[in-house]
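Colleague: Got a sequence here, can you model it:
(4 chains)
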Number of protein chains: 2
Amino acid sequence: MAAHTESRRDASDRRQAILDAALELFAERGFHGTAVPLVAERAGVGAGTLYRYFESKEALVNALYRSWKAALASSLFEGFPTDLPPRALFGECYRRLCRFAVEHPRAFTFLELHHHAPYLDAQSRACDELVLRPIRDLAEQARHALALKDLAPELLMAVVYGAVVGLVRAAEAGHLPMPLEEALRQAEPVVWEAIRR
Amino acid sequence: MAAHTESRRDASDRRQAILDAALELFAERGFHGTAVPLVAERAGVGAGTLYRYFESKEALVNALYRSWKAALASSLFEGFPTDLPPRALFGECYRRLCRFAVEHPRAFTFLELHHHAPYLDAQSRACDELVLRPIRDLAEQARHALALKDLAPELLMAVVYGAVVGLVRAAEAGHLPMPLEEALRQAEPVVWEAIRR
DNA sequence: CCAAACGGAACGAACGTTCATTCCGCTCGC
DNA sequence: GCGAGCGGAATGAACGTTCGTTCCGTTTGG
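Modeller: A predicted model of the protein is given here:
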């Protein structure tokens, strides 16, 4: 029975190795630009083995997307301190998002790159709501508390999220004179002043 | 000679039809996700004909990228009013960028999607500087005039550009409760307050 | 307690398909 | 009628996926 458990852990490791390899390659070269045997090689498994763990290349990219969307959601909301004044609430969201982007740059790039890609299925699309809805609610709250500009929360969210993505991409392109982490820290008050009333 | 001119215009139309078809398809499905014969069909030419105008698929995407980067640069800078106070200078840049995004949404998406793609050659990368440098200079100027926050211009540019991209993508995804043009108009003071001193 | 047989996971060569690119018969303007 | 330019079938490479085989941990009969 110990042996059985061990073999199951091996399988889980293998599956994870494939997901890790796919993350790197899909983030760097895109879905269509990445050959399945290359993913297998990077993961240290045979090409056929990959199909024991995922039904198809599409199933793989969907599993990867869902897994990282869930990770992002938990980074954002796990143990979130609810009763904070609006500025601190924003700071908490912002820093949690940035922490995710700094700790998992490939995952952040991957999620951004594959947002609304045609090969993502309905269930993967639904994961987006998991992240968007709670933030939208927070923004709506803060807006009614007269802490945010009197504009659609979706607009303010797009500005904030877009600014973070812009910084991550600028850092990737080597366009920033400082490390990404420092840029994101400096940008917090910048972005807050954008959306505050 | 009129005939010669006319046949040359025909050829130029064909080339343009191919570029237009490629823009739509590359923006929607990505470079690797788009088959060359599909581009040809959409352009209303034979698959072989495409190769009379472009050496390869890579040459096509590079020509497309350069052409639209140049169009963006000219939209931004053509007849730019130089001596304006900082706020008006920002407004001019911002509205010109937004006008381009609204008038050529596919081109905007395409440029964003293919930014720093591995199949773009050095000359295409160099086109980025064409857009970035003048804006960087303007930002540096405004910063020394104490109109902008005392942060790296590259950081502020990334925030502004990122915010615009964020709005465009949110509109594409149907996440905004108003048309893109209206959202961009509402976002101008939002973004200005982000970067102003 | 050992060895022989089993079961299923892993491998990677091989399959059919689809791709980018080429090539050649054809058309059409001069 | 002739040559430049076109179309789309042809081509070979590369793709996603499958399949026959190998390999190893476990079971089982002696």
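Colleague: Am I right that residue A:80 is in a helix?
Modeller: No - assigned with DSSP: H, G, I helix; E, B strand; the rest coil, residue A:80 falls outside any helix and is coil.
Colleague: which secondary structure element contains the residue positioned nearest the centre of chain A?
Modeller: Centroid-nearest residue in chain A, with C-alpha atoms, centre = their mean: residue A:108, separated by 4.3 Å. Taking DSSP states H and E as the definition, residue A:108 sits inside helix A:105-113.
Colleague: and if you look at residue A:191?
Modeller: helix A:180-195.
Colleague: State the mean pLDDT of that helix.
Modeller: Here helix A:180-195 scores 98 as its mean pLDDT.
Colleague: low-scoring stretches of chain A, by residue?
Modeller: A:1-9 (pLDDT under 70).
Colleague: domain parsing for it?
Modeller: Using automatic domain parsing, the domain parsing of chain A gives A:1-54, A:61-195.
Colleague: does the longest one come close to chain B?
Modeller: Translated: domain A:61-195. Yes - with C-beta under 8 Å from any C-beta of the partner chain as the criterion, chain B is reached by domain A:61-195 at A:115-116, A:118, A:132, A:149, A:151-152, A:154-167, A:169-170, A:172-173, A:175-178, A:183, A:186-187, A:190-191, A:193-195. C-beta: built from backbone N, CA, C; applies to glycine.
Colleague: which non-adjacent residue is nearest residue A:156?
Modeller: residue A:195 (4.6 Å; C-beta to C-beta, 6 or more residues apart in numbering or on different chains).
Colleague: Which positions in chain A make contact with DNA strand C?
Modeller: Counting by C-beta under 7 Å from any atom of the strand, the residues of chain A close to DNA strand C are A:7, A:10-11, A:14, A:44-49, A:52-53.
Colleague: For the residues you listed, give me CSV that also has neighbour count.
Modeller: Listed next are those as CSV, based on neighbours: other C-beta atoms under 10 Å in any protein chain shown:
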residue, neighbour count
A:7, 10
A:10, 10
A:11, 12
A:14, 17
A:44, 11
A:45, 18
A:46, 12
A:47, 13
A:48, 9
A:49, 13
A:52, 13
A:53, 19
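Colleague: picking that back up, what comes into contact with the helix holding residue A:191?
Modeller: Residues outside helix A:180-195 that contact it (C-beta atoms under 8 Å, 6 or more residues apart in numbering or on different chains): A:87, A:90-91, A:94-95, A:98, A:101-102, A:105, A:148-149, A:156, A:159-160, A:163-164, A:167-168, A:170-171, A:176, A:178, B:149, B:151-152, B:155-156, B:158-159, B:163, B:190-191, B:193-196.
Colleague: ok so, going back, which one of the domains of chain A lies nearest to residue B:30?
Modeller: Among the domains of chain A, domain A:1-54 comes nearest to residue B:30, with 6.0 Å by C-beta to C-beta.
Colleague: Distance from that closest one to the middle of the chain?
Modeller: How far domain A:1-54 lies from its chain's middle: 20 Å, per C-alpha atoms, centre = their mean, to the nearest Å.
Colleague: Which positions within stretch A:128-141 qualify as buried?
Modeller: A:128, A:130-132, A:135-136, A:138-139 (16 or more other C-beta atoms under 10 Å in any protein chain shown).
Colleague: er, stretch A:150-166 actually
Modeller: Neighbour counts using 16+ other C-beta under 10 Å place A:151-166 of stretch A:150-166 among the buried residues.
Colleague: Then stretch A:56-71?
Modeller: Result for stretch A:56-71 [16+ other C-beta under 10 Å]: buried residues A:57, A:60-66, A:68-69.
Colleague: Including secondary structure, could those go into a markdown table?
Modeller: Formatted as a markdown table, these follow (three-state DSSP):
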| residue | secondary structure |
| --- | --- |
| A:57 | helix |
| A:60 | helix |
| A:61 | helix |
| A:62 | helix |
| A:63 | helix |
| A:64 | helix |
| A:65 | helix |
| A:66 | helix |
| A:68 | helix |
| A:69 | helix |
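Colleague: Of those, which is the nearest to DNA strand D?
Modeller: residue A:57 (3.5 Å; C-beta to the nearest atom of the strand).
Colleague: how deep is the residue nearest to that closest one when sequence neighbours are not counted tucked in, by neighbour count?
Modeller: Distances taken as C-beta to C-beta, 6+ apart place residue A:36 nearest to residue A:57, at 5.4 Å, with adjacent residues excluded. Residues lying near residue A:36 (other C-beta atoms under 10 Å in any protein chain shown) number 16.
Colleague: List just the nearest of the residues of chain A next to DNA strand C to DNA strand D.
Modeller: Nearest to DNA strand D among the residues of chain A next to DNA strand C: residue A:48, at 3.1 Å, using C-beta to the nearest atom of the strand.
Colleague: So what angle separates the directions of the helix holding residue A:108 and helix A:180-195?
Modeller: Angle, helix A:105-113 to helix A:180-195, by axes from the mean of the first three to the mean of the last three C-alpha atoms, to 10 degrees: 40 degrees.
Colleague: Buried residues, helix A:105-113. List them.
Modeller: By neighbour count on 16+ other C-beta under 10 Å, the buried set for helix A:105-113 is A:107-112.
Colleague: just stretch A:20-31 next, same as before
Modeller: A:21-27, A:29-31.
Colleague: any bit of that stretch sitting next to DNA strand D?
Modeller: No - contact of stretch A:20-31 with DNA strand D (C-beta under 7 Å from any atom of the strand) is absent, the minimum separation being 8.0 Å.
Colleague: For that stretch, list the C-alpha coordinates in PDB.
Modeller: Extracted in PDB, the C-alpha atoms of stretch A:20-31 (Å, rounded to 0.1, in the frame of the first residue of the first chain):
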ATOM      1  CA  ASP A  20       5.500  23.400 -15.600                       C
ATOM      2  CA  ALA A  21       7.100  22.700 -18.900                       C
ATOM      3  CA  ALA A  22       4.000  23.800 -20.800                       C
ATOM      4  CA  LEU A  23       3.800  27.000 -18.700                       C
ATOM      5  CA  GLU A  24       7.300  28.100 -19.700                       C
ATOM      6  CA  LEU A  25       6.900  27.200 -23.400                       C
ATOM      7  CA  PHE A  26       3.400  28.500 -23.900                       C
ATOM      8  CA  ALA A  27       4.300  31.800 -22.100                       C
ATOM      9  CA  GLU A  28       7.400  32.300 -24.300                       C
ATOM     10  CA  ARG A  29       6.200  31.000 -27.700                       C
ATOM     11  CA  GLY A  30       2.500  30.900 -27.500                       C
ATOM     12  CA  PHE A  31       0.100  27.900 -27.900                       C
END
